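Engineer: below is the structure, and that's it, no one-letter string:
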């Protein structure tokens, strides 16, 4: 009977179960994620070597005329356990980790979840998934407010595959359109990718100028109306607030419209 139970547990039948309970499912990038992992023993004793938590999301990748949705692990945390869980035993393990700046915020269609797994040798690994609401890092929040002050509104937010040598599989791209202010009628859209660092934030910008007349139409056809650039904003500047950032960012964008 013991052999039969062990064989069934190795296939996930009668195995231990895991459930992650978060203290708060709304978390700001760069802030702690806290909670506990509840493990319920199955029909046989099982040694749990590790618990692993993966912060995951989806991104789009185009290949020819096709578009795929892929899953990426943005952050992984391993908790060493090395304990034997007895049949029907209940164990609760607290955890805490800092949400990585690489985790995208849950804006637009972006979804983020924590995937929990138990590492049990020669057995089916029990898993659990918990969705979280990811709020912008304080640096990003200042810049988003500044962009709003300049008269832009968000049209679309997407995680897109990047073909580069970096460790990242994707970037989260924000697409803004001017609805008021100095750029209405002068820009078609503004695309922004944020990079958060200890000393501030970097913006990768694609400035899409509005076509005007035959010359403008010619430029639009050959993508000559688009400018790609980047801007570093330091912590000391961010601390001066959204109005200060809006003034400087506005001047920066305007310099590419001349």
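Structural biologist: Sure thing, it's come through. Fair warning: this is a prediction, and the values are worked out from it, not measured in the lab.
Engineer: of all the residues in stretch 234-247, which ones are buried?
Structural biologist: Buried residues in stretch 234-247, defined by neighbour count with 16 or more other C-beta atoms under 10 Å: 238, 242, 245, 246. Glycine gets a C-beta too; all of them are placed from N, C-alpha and C.
Engineer: now residue 242. Its backbone dihedrals?
Structural biologist: Main-chain dihedrals, residue 242, degrees, to the nearest 10: phi -60, psi -40.
Engineer: flag the shaky bits of the stretch 1-150 of the chain, pLDDT-wise.
Structural biologist: Along the stretch 1-150 of the chain, segments meeting pLDDT under 70 span 1-15, 122-125.
Engineer: the strands in it, which residues?
Structural biologist: Here the stretch 1-150 of the chain has its strands, by DSSP state E, counting those that start in this stretch, at 17-22, 26-28, 32-40, 46-63, 66-85, 90-98, 112-119, 127-135.
Engineer: out of these, the one nearest residue 205 is which?
Structural biologist: Of all the strands of the stretch 1-150 of the chain, strand 46-63 sits nearest to residue 205, with 20.3 Å by C-beta to C-beta.
Engineer: can you give me the buried ones in that closest one?
Structural biologist: Here strand 46-63 shows 46, 48, 51, 52, 53, 54, 55, 56, 57, 58, 59, 61 as buried, counting by 16+ other C-beta under 10 Å.
Engineer: pick the one among the residues you listed closest to residue 39.
Structural biologist: Comparing those against residue 39 with C-beta to C-beta places residue 48 closest, at 7.1 Å.
Engineer: the helices in the stretch 101-250 of the chain, which residues?
Structural biologist: 138-149, 213-221, 235-238, 242-254 (DSSP state H, counting those that start in this stretch).
Engineer: what's the mean pLDDT across the shortest one?
Structural biologist: The predicted model assigns helix 235-238 a mean pLDDT of 98.
Engineer: for that helix, which helices and strands make contact with it?
Structural biologist: On a contact count with 3 or more C-beta pairs under 8 Å, 6 or more residues apart in numbering; DSSP states H and E, helix 235-238 meets helix 138-149, strand 200-209, helix 242-254.
Engineer: right, and those - which one's nearest residue 89?
Structural biologist: helix 138-149 (41.9 Å).
Engineer: starting at the chain centroid, how far to that closest one?
Structural biologist: Its chain's average C-alpha position is 17 Å from that of helix 138-149, according to C-alpha atoms, centre = their mean, to the nearest Å.
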